[in-house]
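In: 3D model of this:
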Amino acid sequence: MPGARGQRIWVILFVVVLVVSGPSLEAAEIRQFLDLGLSAVNFQEGKVPEGWSLRKRLLGVTKGGEARWTVCGGQPAVMLHSRAALTFLEKRVDINLRQFPVVSWKWRVENILEGIDERDLGGDDHPIRIFFVFEPDSSRQSLWFRLKRFLYLDQFHGHPMGGHFTEYLWGSRLPAGEILPDPGKPRQKLMVVEGGRERLGRWLSYQRNLYEDVKTLYGEEPRRLIFIGILNDTDASGLEAVSCISELRFHKARVPE
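Out: Got it, this is the predicted structure:
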């Protein structure tokens, strides 16, 4: 009997360990990546993705631009469509790139913008781009700039101003691999990850080490990532663009392809 009783105790202990450790193991797996809410499981036909907002213009009305869940090229995705407008999906985040340095996503672009020069303000339009904003270092900002932030800058832009930002974009005439200053903000950097018309109309997957890219671009450690924008903009050129995006995630390490 003592032996049977001992066996029962061990069985009970084993079950308790399974119950207690199970959720922890699952949580550990989940923490290997951060899903930004653009995966197929978040699909809601015709709606702006949950947790994101469409930036409003002109007294709260977004004219000429839309962003919504749909089926794009056979896959659930968020479609962005602009007609002489800025379509700007935005989301506040708090991500430490030392923990989650790799960003991955899929996008599909239907058309490029013909006849523009993306290096000039008049051609500062793109069929799609992902916009990353980093926490500013207030100790390096002047008192006057901090006052402007307090009075209107942060509220107008939707995030604390003065930090680094970078973008991954599809260039209309610029080739993949090109790095250029933002025409409106020369100290900020843009990276072309796809360019031209050769791969239009196809779903394409990407991975970038955003942590290393920021270090390369600015020569310093990136601060916390606080804001992400997904843009499809034709407000400078007056043209029209359609693109789709899905599966935006951050990872602890590069994901096998």
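
In: Outline the domain layout of this protein.
Out: As assigned by automatic domain parsing, the chain contains the domains 1-30, 34-251.

In: how long is stretch 137-155 from one end to the other?
Out: Stretch 137-155 has an end-to-end distance of 18 Å (CA to CA, to the nearest Å).

In: Which helix or strand lies directly C-terminal to the helix or strand of the chain with the lowest mean pLDDT?
Out: Here the helix or strand of the chain ranked lowest by mean pLDDT, DSSP states H and E is helix 2-30, holding a mean of 43. Toward the C-terminus, helix 2-30 is succeeded by strand 33-35 as the next helix or strand (DSSP states H and E).

In: What pairs with that following strand, parallel or antiparallel?
Out: strand 240-251 (antiparallel) (DSSP bridges).

In: where's the partner strand relative to the chain centroid, distance-wise?
Out: Centroid displacement of strand 240-251 relative to its chain, using CA atoms, centre = their mean, to the nearest Å, is 8 Å.

In: repeat for stretch 84-91
Out: Worked out by CA atoms, centre = their mean, stretch 84-91 lies 13 Å from the chain centre.

In: so what's L80 bridging to?
Out: In this entry, L80 is beta-bridged to A67, S243, by DSSP bridges.

In: do the same with the one 10 residues further on
Out: With DSSP bridges as the criterion, E90 is bridged to S53, G229.

In: My read is that it contacts S53, right?
Out: Yes. Using CB atoms under 8 Å, E90 is in contact with S53, at 5.8 Å. Bear in mind the C-beta positions are built from the backbone N, C-alpha and C, glycine included.

In: quick one, which of the domains of the chain is packed in tightest?
Out: Comparing the domains of the chain by mean neighbour count (mean count of other CB atoms under 10 Å), domain 34-251 ranks first with a mean of 17.

In: and the end-to-end length of it?
Out: By CA to CA, the extent of domain 34-251 from end to end equals 6 Å.
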